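In: When you get a sec, could you give me coordinates for this:
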Amino acid sequence: MIVAENLSKSFGAKRAVADVSFTVQPGKVTGFLGPNGAGKSTTMRMIVGLDRPTGGRVTVNGRPYAQLRSPLTEVGVLLDAKAVHTGRTARNHLRAMAATHGIPRTRVDEVIELTGIGSVAGKRAGKFSLGMGQRLGIAAALLGDPHTLILDEPVNGLDPEGVRWVRQFVRHLAAEGRTVLLSSHLMSEMAQTADHVIVLGRGQVLADADLSALVRAWTSNAVVVRSPRLSELVAAVSGPDITVTASEPGMAEITGITAPALGDLAASLGIPVHELTSRSGSLEDAYLALTGDSVEYKTKEIA
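Out: You can find the predicted model right below:
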């Protein structure tokens, strides 16, 4: 379990993290989301003692990271996959890490096989592609078979097979009762992986909730309808809780009514319907609604 209590961090006049509190529970994959500059990486660095908090505290299994007796066997961390000795082979890099904690070489071989880097384990890590570097970083995080995993953008640079493997593997670890904190900018992937979501914006917690509850709270369901007599149908369905957004001639998105109810209404009026599709809100929709005012660097929309 990871517990942050009123955690803050300032760099000069800039406050990167402001009075943040949350708990990452075991047995779940907790997604850690937020725009660039939101404070995610700084918070992760404070969890593992790489940055000292300006205020508050954070513990892993009841103790600050610096007080853990055997960090590799308690917490697996991937913050920067490039943080390797570039002149060492992948196998020797892992063996050097293992030697610091008395981890047997057989475990090195296990994580090499587990992460699919066996064919390049004898090559220097400095020559690795981005994807292979990520796999080596994940192997290092798994080396001590830890109960807690903290992974910052673990699927960055991975091919589809690798992305799918990470998704399935972290869910398997959570099912074993381990604590998993996972950050990613890929909303579609996070939607398939996370059980719980913590969203940061400008250094503050914007949301801390089960993924499904978050999506329900910040999105609305809609019905996409296409009809040659759309104006008549829209007039018949109008009401204080109904919102109609025209997307193209003869087609609209309507909120405040279900697809069956809209279809029954059209049938009762003899209005032909060429398309009737329910559209549920997504994690991406909820994330954009939550963080719209917290994005530090905004791009211009293309008309």
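
In: Looking at the residue nearest to residue 2 when sequence neighbours are not counted now. What's its pLDDT?
Out: Nearest residue to residue 2, sequence neighbours excluded (C-beta to C-beta, 6 or more residues apart in numbering): residue 24, at 3.9 Å. Bear in mind the C-beta positions are built from the backbone N, C-alpha and C, glycine included. Note on residue 24: pLDDT of 98.

In: quick one: residue 152 and residue 185, what's the gap?
Out: 11 Å (C-beta to C-beta, to the nearest Å).

In: With neighbour numbers in mind, choose between those two.
Out: Higher neighbour count among residue 152 and residue 185: residue 152, with 20 against 15, using other C-beta atoms under 10 Å.

In: distance of that one from residue 69?
Out: Distance from residue 152 to residue 69, by C-beta to C-beta: 24 Å.

In: where's residue 113, which helix or strand?
Out: Secondary structure from DSSP states H and E places residue 113 in helix 105-114.

In: what angle do the helix or strand just after that helix and helix 105-114 make?
Out: Counting by DSSP H and E, the next helix or strand C-terminal to helix 105-114 is helix 130-142. Counting by axes from the mean of the first three to the mean of the last three C-alpha atoms, to 10 degrees, helix 130-142 lies at 140 degrees to helix 105-114.

In: Run through who's touching helix 130-142.
Out: With C-beta atoms under 8 Å, 6 or more residues apart in numbering as the test, helix 130-142 has contacts from 76-78, 80-84, 90, 93-94, 97, 111-112, 114-117, 120, 125, 128, 149-151, 154-159, 162, 166.

In: Just these: which are in strands?
Out: Of these, the ones assigned to strands by DSSP state E are 76-78, 149-151.

In: As CSV, those residues with neighbour count and distance to residue 30 would be great.
Out: Shown next, in CSV, are the ones in strands among the contacts of helix 130-142 (neighbours: other C-beta atoms under 10 Å; distance: C-beta to C-beta, whole Å):
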residue, neighbour count, distance to residue 30
76, 24, 15
77, 24, 15
78, 24, 15
149, 23, 10
150, 26, 10
151, 24, 11
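
In: Turn those residues into JSON lines, columns for distance to residue 45 and pLDDT.
Out: What follows is those, written out as JSON lines (distance: C-beta to C-beta, whole Å; pLDDT from 0 to 100):
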{"residue": "76", "distance to residue 45": "15", "pLDDT": "96"}
{"residue": "77", "distance to residue 45": "10", "pLDDT": "95"}
{"residue": "78", "distance to residue 45": "12", "pLDDT": "94"}
{"residue": "149", "distance to residue 45": "16", "pLDDT": "97"}
{"residue": "150", "distance to residue 45": "10", "pLDDT": "97"}
{"residue": "151", "distance to residue 45": "14", "pLDDT": "96"}
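
In: Considering those residues, which is situated nearest to residue 260?
Out: For the ones in strands among the contacts of helix 130-142, the closest approach to residue 260 (C-beta to C-beta) belongs to residue 151, at 42.0 Å.

In: show me what contacts the closest one?
Out: Contacts of residue 151 by C-beta under 8 Å, 6+ apart are 76-78, 138, 141, 170, 180-183.

In: How about residue 42?
Out: 9, 16-17, 51.

In: Distance of it relative to residue 74?
Out: Residue 42 is 22 Å from residue 74, by C-beta to C-beta.

In: that's a strand at residue 224, yeah?
Out: Yes: counting by DSSP: H, G, I helix; E, B strand; the rest coil, residue 224 is found in a strand.

In: Name the nearest residue to it, ignoring sequence neighbours.
Out: residue 277 (4.4 Å).

In: Doesn't residue 72 lie inside a helix?
Out: Yes: assignment of residue 72 by three-state DSSP places it within a helix.

In: Leaving out sequence neighbours, find the closest residue to it.
Out: residue 144 (3.6 Å).

In: again with residue 210
Out: In space, residue 210 is closest to residue 196, 5.5 Å off (C-beta to C-beta, 6+ apart).

In: Confirm for me that the one you found is in contact with residue 28.
Out: Yes: at 5.1 Å, residue 196 counts as touching residue 28 under the criterion of C-beta atoms under 8 Å.

In: Of the two, give the one with the bigger neighbour count.
Out: Legend: neighbour count by other C-beta under 10 Å for residue 196 and residue 28, higher for residue 196 (23 against 20).

In: That one and residue 241: what is the separation?
Out: Counting by C-beta to C-beta, the gap from residue 196 to residue 241 is 30 Å.
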